[in-house]
Each structure stands twice: as structure tokens, then as C-alpha cells.
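Enquirer: let's see this in three dimensions:
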Amino acid sequence: MSIADDYIRVCIRVTGRVQGVGFRFWTMKHARRLGLAGTVSNMADYSVEAVFYGTVVAVEEMIRLCNKGPEGACVTGLTVLSRESIAICPEEFRIQH
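Expert: Have a look, this model is predicted:
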């Protein structure tokens, strides 16, 4: 098994103009396309927080995508809050309200 096949859990915080531009729905669409599980939420400070579970390759691609965001967003920062290896990956990606 290579590192690309290992499962990880990563929590990120995205700042900038990321609320009111469809960021959560865009994130869910791309996460599901990449086979990721997890959640995405609007935060009280107008940032967006997301947790991704999946292969290293898929999670890294999702982080790269989130650093740009959907049309209409203006990402000014992306912080990885936590990163850990996991043995079991959840099966669903959803928006938390």
C-alpha cells in the first residue's frame, strides 16, 4: 500500500468572501466527485470550515480546489487546522447548517 492509498482526516478553515457565494454546495459537489466524506459549515466569523476524509491524493486535491473556491468567491486564506491518519473512512459528505 502506498501513501496515496492511505486515508487521512483533514480539517481546514477558509477565509475571505466565502459565504453567500455557494461555497458549501460547491465544496460538497467536488468532495463527492473526488470520493471524499466529511462536512462543510459556515462559521460565525464568516469563514467556512470543512473536514475531509479520504485518500491523501483526493484530500490534497480538495484542499487545492478550496484555496481557489467557486466563481464569486475570493479566498484570502486557507489554514489546515488538523491532519491525521485514519483507519476507517466515513462514507458521506454533507453540509452542516
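Enquirer: show me where this structure has helices.
Expert: Using DSSP state H, the helices of the chain run over 23-33, 56-66.
Enquirer: buried residues in the first one?
Expert: Residues of helix 23-33 classed as buried by neighbour count (16 or more other CB atoms under 10 Å): 23-24, 26-28, 30-31. Yep, even glycine has a C-beta here, placed from its N, CA and C like the rest.
Enquirer: reformat these as CSV; add pLDDT.
Expert: CSV is the format used below for the buried residues of helix 23-33 (pLDDT from 0 to 100):
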residue, pLDDT
Phe23, 98
Arg24, 98
Trp26, 98
Thr27, 98
Met28, 98
His30, 98
Ala31, 98
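Enquirer: from these, which is closest to Gln96?
Expert: Nearest to Gln96 among the buried residues of helix 23-33 is Arg24, at 8.6 Å by CB to CB.
Enquirer: now do the same contact list for that closest one.
Expert: If you count contacts by CB atoms under 8 Å, 6 or more residues apart in numbering, Arg24 has them with 40-42, 48, 95.
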